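Sharing a sequence plus its predicted fold:
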Amino acid sequence: MSKKIKKIGVLTSGGDSPGMNAAIRAVVRTCAFYNVECIGIYRGYQGMIEGDFKEMGPRSVNNIVNKGGTILKSARSKEFMTAEGRKKSFEHLTNANIDALVVIGGDGTFTGAEIFNNEFNFPVMGIPGTIDNDIFGTSHTLGYDTALNTVVEAIDKIRDTASSHNRLFFVEVMGRDAGHIALNAGIGAGAEEILVPEEDLGLERLLESLEKSKSSGKSSSIVVVSEGDKIGKNVFELKDYVEENLPEYDVRVSVLGHMQRGGAPSCFDRVLASRLGVKAVESLLEGKSNYMVGLLCDKVTLTPLEQAIKGRSEIDKELLRVSDIMST
């Protein structure tokens with residue numbers, strides 16, 4: 001029979017994303033609801049190695065549901081990648097009488113949690129927090145919906161300038177090896193072309209598409225480029241290539257960068273964070289461990305951490321088809 005859990009630690013790790021604070025709040029208040037103590041661990045796994053802990057109660061998470069970033073701070077810890085670092089972490093958790101962990105982050109965070117669980121049989125539960133939406137086992141990660149809205153709003157503003165000056169804009173968005181942000185925001189903002197790493201459009205087809213747009217009467221164009229797209233070495237080389245081959249275009253580049261990771265979370269992300277936080281704590285109290293809580297078909301589900309890490313989050317082929325039709 002598994003040990004009764006009386007104290008749960010919560011941390012955020014890796015890149016921040018809108019909704020992390022709402023998830024921390026949900027974990028803390030669910031612990032309070034079930035009369036379980038909750039300990040905030042600062043700076044992710046690095047704070048766990050250093051014993052940077054603080055007791056958290058329901059009032060300590062007042063007024064954070066609407067804030068971006070993470071009040072627990074985040075860090076990438078090289079020391080946690082070593083056996084010595086993980087041993088220090090286990091000793092600090094044991095000394096603080098922490099019985100289980102809720103980790104909020106992406107695949108790197110989950111990889112660390114799974115290794116830690118395997119080495120020390122320490123109960124862990126993951127909540128997916130990354131704007132890239134590249135985690136297997138959930139249709140939405142925390143921050144993804146907010147990032148989409150941020151990108152669409154930015155592209156709407158860029159289009160005003162593009163239209164006023166008859167320009168072609170390449171807008172680079174985040175996404176690393178996944179094109180979810182580019183594809184969905186591109187459709188939502190009415191982009192003429194969307195370049196994602198999952199689909200190799202090719203330089204020649206891009207030129208053909210832009211020539212077609214010009215001949216059909218479009219005086220300005222927006223091309224959304226995922227940062228992981230392989231069509232060019234980078235978006236600036238892509239700009240140079242188009243200018244060399246289509247000199248009639250006045251080309252500009254806008255890299256949205258880290259503005260996509262900030263800002264108040266959307267209502268969807270706040271609700272999702274609340275649902276996942278509750279499920280994470282309740283699952284630990286039921287004796288479950290080494291899972292990620294996620295959303296599938298609008299139901300909160302559990303996926304083994306190993307699957308969440310190794311599985312591939314697929315791009316929506318139907319949305320690719322829709323984007324082709326919409327660019328006509």
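Structure's in. What do you need?

Give me the spatial nearest neighbour of Leu296, chain neighbours excluded.
Taking Cβ to Cβ, 6 or more residues apart in numbering, and ignoring the residues beside it in sequence, Leu296 has Ser139 as its nearest neighbour in space, at 5.9 Å. Where you see a C-beta, it was placed from the backbone N, CA and C, and this is true even at glycine.

OK, contacts around that neighbour?
By Cβ atoms under 8 Å, 6 or more residues apart in numbering, the residues touching Ser139 are 294-297.

In terms of helix, strand or coil, where does it fall?
Secondary structure state of Ser139, per DSSP: H, G, I helix; E, B strand; the rest coil, is coil.

quick one: it from Gly228, how far?
Ser139 sits 20 Å away from Gly228, taking Cβ to Cβ, to the nearest Å as the criterion.

hmm, back to that, write a PyMOL command that selects only the buried members of the contacts of Ser139.
A single PyMOL command suffices to select whichever of the contacts of Ser139 are buried according to 16 or more other Cβ atoms under 10 Å:
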select buried, resi 294+295
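
Do a quick rundown of the helices in the stretch 151-300 of the chain.
When secondary structure is read from DSSP state H, counting those that start in this stretch, the stretch 151-300 of the chain shows helices at 180-189, 203-215, 235-245, 267-285.

which other residues reach the first one?
For helix 180-189, contacts defined as Cβ under 8 Å, 6+ apart pick out 131-134, 144, 147-148, 151-152, 155-156, 159, 173-175, 191, 193-196, 222, 224-226, 229, 260, 313, 315-316, 319-320, 322-323, 326.

Figure out the length between the terminal residues of stretch 310-318.
This stretch, stretch 310-318, spans 24 Å end to end (Cα to Cα, to the nearest Å).

Now that Ser221 has come up, it's in contact with Ser209, right?
No. Applying Cβ atoms under 8 Å as the test, Ser221 and Ser209 come out as separate, 9.0 Å apart.

Look at those two and report which has more neighbours.
Ser221 (23 against 17; other Cβ atoms under 10 Å).

Next up, the contacts around the closest residue in space to that one that isn't next to it in sequence.
By the measure of Cβ to Cβ, 6+ apart, the closest residue to Ser221 outside its immediate chain neighbours is Glu192, 4.3 Å from it. With contacts defined as Cβ under 8 Å, 6+ apart, Glu192 is in contact with 209-210, 213, 218, 221-223, 327.

make it 10 Å
The neighbourhood of Glu192, defined by Cβ atoms under 10 Å, 6 or more residues apart in numbering, consists of 168-169, 186, 209-210, 212-213, 218, 220-224, 323, 326-328.

Out of these, which end up buried?
So, by 16+ other Cβ under 10 Å, the buried ones in those are 168-169, 186, 209-210, 213, 220-224, 323, 327.

got a markdown table for those residues, with pLDDT and distance to Arg270 too?
Supplementary listing: these in a markdown table, determined by pLDDT from 0 to 100; distance: Cβ to Cβ, whole Å:
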| residue | pLDDT | distance to Arg270 |
| --- | --- | --- |
| Leu168 | 90 | 37 |
| Phe169 | 94 | 31 |
| Gly186 | 95 | 25 |
| Ser209 | 82 | 38 |
| Leu210 | 84 | 39 |
| Ser213 | 77 | 38 |
| Ser220 | 71 | 36 |
| Ser221 | 86 | 35 |
| Ile222 | 93 | 29 |
| Val223 | 93 | 32 |
| Val224 | 94 | 26 |
| Ser323 | 89 | 28 |
| Ser327 | 78 | 33 |
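
ranges for the strands of the stretch 101-250 of the chain?
Taking DSSP state E, counting those that start in this stretch, the strands of the stretch 101-250 of the chain run over residues 124-128, 167-173, 193-195, 221-226, 250-255.

Would you reformat those as TSV and include distance to Val278?
Putting those into TSV (distance: least, Cβ to Cβ, whole Å) gives the following:
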stretch	distance to Val278
strand 124-128	11
strand 167-173	31
strand 193-195	36
strand 221-226	33
strand 250-255	37
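
Just name the most buried of the ones you listed.
By mean neighbour count, with neighbours taken as mean count of other Cβ atoms under 10 Å, strand 124-128 ranks first of these at a mean of 29.

For the residue nearest to Leu296, give its distance to Asp298.
To Asp298, Ser139 is 8 Å away according to Cβ to Cβ.

same thing with Glu79?
Between Glu79 and Asp298 the distance is 39 Å, computed by Cβ to Cβ.

neighbour count winner among these two?
Set Glu79 next to Asp298 and count neighbours by other Cβ under 10 Å: Glu79 wins out with 14 against 8.

List the residues that contact that one.
The neighbourhood of Glu79, defined by Cβ under 10 Å, 6+ apart, consists of 45-46, 49-50, 85-86, 88-89.

Restricted to helices, list the residues you listed.
Mapping these onto helices (DSSP state H) picks out 45-46, 49-50, 85-86, 88-89.

Going by distance to Gly112, which of those residues wins?
Distances from those to Gly112 were compared by Cβ to Cβ; the smallest belongs to Tyr45, at 5.7 Å.

Against Glu318, how distant is that closest one?
To Glu318, Tyr45 is 38 Å away according to Cβ to Cβ.
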